[in-house]
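A.B. asks: Show me the folded form of this:
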Amino acid sequence: MLSAVAARKARLAQAQTQASPVVASEPKPPSSSPSPAPPPHPAPKNKPAQATPAPLSHKPPSKRKLSTSAGDPPKPKKTKDRHRRVPQKHPARYFAQEDAFGAQDDVIVVDESDNESSAQSSSPTSEEESLRMRSSRGLTKGNRPWSPSAPFRDSSDEDEGLDEDEDSGDEHVLDNPHPPAVLLSQPSKVLSTFHPGLNQNVFVLPLRHAFAGEPPQPKSVILLLNATETVALLGAYTLTVLRGAVALAGVSITASSTAHTVFAPRSSPLPIIQCTPRAASSQPSSTSVLPANIDDAALGCDAVIMLQEVHSGVDGLGRICRTFDGFFAPSRWHRNQARFDLGLDGVYFLPLQTPDIAPLAIPPTWTTATDAVLSRSDENAEERRCVCLVKGPKNAGKSTFARFLLNKLLSRYRRVAYLECDLGQSEFTPGGMVSLNVIEQPVFGPPFTHPSVPFAAHYVGATSPRSSPSHYLESVQALLQQYDVDVQDAPLDEGRSDEADGRVVSHIPLVVNTMGWTKGLGADLTRKVEDIVGPTDVFTLVAGSSSDDQNNGCMSAAATTQAHSAPGPRVHVLDIVSSVVAAYYTAADHRNVSIMSYFHATFPQGPPSSPYASLLPTSWNTSIPLCAQPPYEVDCQVAVDRVILTGAGMEDVVPQEVHRALNCAVVGLISCDPGTSTAETPLEGTIAPALPYEQGALPPLPSTSRCVGLALVRAVSPPPRNLLQIITPVPPSLLHSARVLVMGELQLPVWGMLDFRTLDDGAEIAGYERAKVPYLRWGKGEGVGGERRRVRRNLMRKGQL
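C.D. replies: Numbering: from 1, shown residues only. Below you'll find the predicted structure:
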């Protein structure tokens, strides 16, 4: 009797010898009679030529599948080879239509070797047409279709140019800082309705000869504007209104001899100059005598303005903070556009809007709310107190509105106080400080263009009050008390004429900017700040009037009218303004450029002109890195009374390791009242520490101290020497009282201490090859996962719900 294996081999041999395929019959169920044997065929050697079936047994039938009948070819084994599977095209589930993502490229082709020079020698085809051609191409062989979960290759580079490389093949990369090509199909919006014409409405003034010892005169250009004409400029310049009136960033500027400095980089919305129409029966006011040819051409114009170039060195911050490289110059979107040359260095006329440039839009609700505050101050002259508080969620435009409100109040008051309660996005100081500034001139520019030495400030040492909420509230309360006592009704300088502009001089209003942390502990802190300040007007930025907004303290538009008649502050509901420029830079990027701008700023070294006004920088020294600037050498046992470390984990630093913690740290220079900053005397028989450091000590009380500025500890001498090398932009006249150093969680970026002059060539970093330096990211992230991490702190466990 043959075995089952032999019978199977006999059937396979018979199937191979037959010319025509044999139709396999279905296996029959087992019966009591034996089944007939298969037809005879040549049997193998030493084996019988006929196979007889085995006798039936009385065992229960098996659950295994029966073998195929005679003549069936063996089924190939299934292998789990996913790479050889061919994706099957399934029909549309509901509608038979083409996939919109499968018909276009999911990435933009960018040449990594492109730079500024190669962009000028590119093909005559415009960049918009080139990107439209790329977006219309179908997927080539080897390119995957769009998938929301599959990873993509990301190789963003620092170059701004975008050209097409013939040798790049099918390699696709993604340039994160630029919008997709789909946006290019939209028509460009007009930024400037002013049509410049040389010697028609644009006149270049001749340079006046500079005498020996005088600085060179800046180039000047005069523009003649008609009613409602707009001018969009990119760069740094000064604006002087000679005749008529214009509106800059929503603020009206009339004819005067004051030159307003304007900083308009691509990293923030551009302020637009708009001509204000004059009455038909009135003549435009004039404060200067124009040349004869310009005076004749300006007869039918509504406003005459003068633009001058500014060489302050602030554009050099792009070399230090590479994320902002070239932010005062036109981007790749403007290279192929025809632009009018004004003849001013660093000032560019922009006729059309591009995806990376947006104008500063002022909603009507903003103008209505600020006009209501100004009109009420005109009607009620006896109302002395004017405190305006701005609150809302993050990325809602709080800082922009607070700056707009500050400039509007400066048109009515001689000076305006500004209380900064946002530790992460400060307007006049680096992050980590609660400051009180007194401003005399309107501010036109992002925060990094006007760092200041504040009138009063307190150092928290972190970008969020999460770790020290009590110290944060005490700092706010101390600054408000100082405003009520020293600033609110402070007398102005004697000898200044108050009849020229008619502004209020007997009172200084206050603008309070709060943080964007509006949930949990942040909402409680904001409510406590509002209770401490006691504002007369509250400006709330909300996206809608839903029930959730009302529960969080945001009132609807219908409830705003009732709040005016009810006791308490008047509430103004404002619209949220979001800009496309905000998508290119994160909050950390703005903090980095602000702190670098602060340390590279040059403040007036002489005594201030007023004891109340805050000091603003005159220029920026960006030609020398921080590691090459001469520091102050400080003897800690002579010039320093205490060294304090605050923040999470700082209480674990022992005195023997404090010099390592201070090395390359950002510290606050604290001035304390006499008798409140004495360090504890060491016990008898113990060795006094090299630095006057007490482990676990609390920071000085805000009621008895103030922060005069920040400093960078560039080097610390090891024990037993007690020398510190400190770099600070604070004028020397303010440093004698700062005898306490407070180190917090605020840190300088690693690249902030590097020599950027050697990094331009990509050669070395601190004497080492750039590619071999670990733990250093320079510029934008590269590769999958190179984007910035997003920390989620709103996740709760099941028991916390």
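A.B. asks: For residue 622, give its distance to residue 327.
C.D. replies: Distance from residue 622 to residue 327, counting by C-beta to C-beta, to the nearest Å: 13 Å. Where C-beta positions appear, they are placed from N, C-alpha and C, glycine not excepted.
A.B. asks: go on, residue 413?
C.D. replies: From residue 413 to residue 327 the distance is 33 Å (C-beta to C-beta).
A.B. asks: so where do the strands sit in the stretch 501-650 of the chain?
C.D. replies: Here the stretch 501-650 of the chain has its strands, by DSSP state E, counting those that start in this stretch, at 510-513, 537-542, 570-575, 601-602, 619-620, 632-635, 642-645.
A.B. asks: Who are the packing partners of the lengthiest helix in the chain?
C.D. replies: Criterion DSSP state H: the longest helix present in the chain is helix 364-379. When contacts are defined as 3 or more C-beta pairs under 8 Å, 6 or more residues apart in numbering; DSSP states H and E, helix 364-379 sits against helix 398-410, strand 570-575.
A.B. asks: Just list what the next helix or strand after that helix packs against, helices and strands only.
C.D. replies: Next helix or strand after helix 364-379 toward the C-terminus (DSSP states H and E): strand 387-391. Applying 3+ C-beta pairs under 8 Å, 6+ apart, we find strand 387-391 packed against helix 398-410, strand 510-513, helix 521-533, strand 537-542.
A.B. asks: Name every strand pairing with strand 387-391 and say which way it goes.
C.D. replies: strand 510-513 (parallel), strand 537-542 (parallel) (DSSP bridges).
A.B. asks: in the stretch 401-550 of the chain, which segments are predicted with low confidence?
C.D. replies: Within the stretch 401-550 of the chain, the ranges that satisfy pLDDT under 70 run 491-501, 544-550.
A.B. asks: ok, and the closest non-adjacent residue to residue 239?
C.D. replies: residue 260 (4.9 Å; C-beta to C-beta, 6 or more residues apart in numbering).
A.B. asks: Surely the one you found and residue 441 touch.
C.D. replies: Yes. Taking C-beta atoms under 8 Å as the definition, residue 260 is a contact partner of residue 441 at 7.2 Å.
A.B. asks: Those two: which has the busier surroundings?
C.D. replies: Neighbour count, other C-beta atoms under 10 Å: between residue 260 and residue 441, residue 260 has more, with 18 against 15.
A.B. asks: From residue 370, how far off is that one?
C.D. replies: 18 Å.
A.B. asks: on that earlier part again, kindly compare burial across the strands paired with strand 387-391 and name the winner.
C.D. replies: Highest mean neighbour count of the strands paired with strand 387-391: strand 510-513, a mean of 25 (counted as mean count of other C-beta atoms under 10 Å).
A.B. asks: Contacts for it, please.
C.D. replies: 386-390, 398-399, 402, 405-406, 409, 416-422, 427, 483, 487-488, 529, 533, 535 (C-beta atoms under 8 Å, 6 or more residues apart in numbering).
A.B. asks: swap the cut-off to 6 Å and go again
C.D. replies: Here strand 510-513 makes contact (C-beta atoms under 6 Å, 6 or more residues apart in numbering) with 387-390, 402, 405-406, 417-420, 422, 483, 533.
A.B. asks: count of neighbours near residue 8?
C.D. replies: 16.
A.B. asks: quick one: it is in a strand?
C.D. replies: No. Using DSSP: H, G, I helix; E, B strand; the rest coil, the secondary structure at residue 8 is helix, not a strand.
A.B. asks: so what's it scoring on pLDDT?
C.D. replies: Note on residue 8: pLDDT of 76.
A.B. asks: again, but for residue 694
C.D. replies: The model reports residue 694 with a pLDDT of 87.
A.B. asks: Quickly note the distance from it to residue 653.
C.D. replies: Residue 694 is 11 Å from residue 653, by C-beta to C-beta.
A.B. asks: Same question for residue 369.
C.D. replies: With C-beta to C-beta as the criterion, residue 369 and residue 653 are 48 Å apart.
A.B. asks: repeat for residue 235
C.D. replies: For residue 235, the distance to residue 653 - C-beta to C-beta - is 46 Å.
A.B. asks: More neighbours: which of these two?
C.D. replies: residue 235 (25 against 17).
A.B. asks: what residues are up against residue 734?
C.D. replies: Contacts of residue 734 (C-beta under 6 Å, 6+ apart): residue 708.
A.B. asks: Low-confidence stretches in the stretch 51-200 of the chain?
C.D. replies: 51-188.
A.B. asks: and for the longest helix of the chain, what are the contacting residues?
C.D. replies: With C-beta under 6 Å, 6+ apart, helix 364-379 has contacts from 405, 408, 412, 537, 572, 574, 575.
A.B. asks: which among those end up buried?
C.D. replies: 405, 408, 412, 537, 572, 574, 575 (16 or more other C-beta atoms under 10 Å).
A.B. asks: Which single one of those is nearest to residue 728?
C.D. replies: Distances from residue 728 to the buried ones among the contacts of helix 364-379, taken as C-beta to C-beta, are shortest for residue 405 (31.2 Å).
A.B. asks: residue contacts, the closest one?
C.D. replies: 370, 511.
A.B. asks: From residue 362, how far out is it?
C.D. replies: Applying C-beta to C-beta, the value for residue 405 to residue 362 is 11 Å.
A.B. asks: now do residue 743
C.D. replies: Distance from residue 743 to residue 362, by C-beta to C-beta: 41 Å.
A.B. asks: between those two, which one's more packed in?
C.D. replies: Per other C-beta under 10 Å, whichever of residue 743 and residue 362 has more neighbours is residue 743, with 24 against 19.
A.B. asks: Residues in a beta bridge with that one, which ones?
C.D. replies: Here residue 743, judged by DSSP bridges, has bridge partners residue 645, residue 667.
A.B. asks: ok, so what distance separates it from residue 660?
C.D. replies: The value you get for residue 743 to residue 660, if C-beta to C-beta is used, is 12 Å.
A.B. asks: Name the residues contacting each of those two.
C.D. replies: Counting by C-beta under 6 Å, 6+ apart, residue 743 and residue 660 have no shared contacts at all.
A.B. asks: sorry, back to before: of the helices and strands packed on helix 364-379, which approaches residue 315 most closely?
C.D. replies: With C-beta to C-beta as the measure, helix 398-410 is the member of these nearest residue 315 (20.8 Å).
A.B. asks: Give the other helices and strands that the next helix or strand after the closest one contacts.
C.D. replies: Where DSSP H and E defines the elements, the next helix or strand beyond helix 398-410 is strand 416-420. With contacts taken as 3 or more C-beta pairs under 6 Å, 6 or more residues apart in numbering; DSSP states H and E, strand 416-420 sits against helix 398-410, strand 433-439, strand 510-513.
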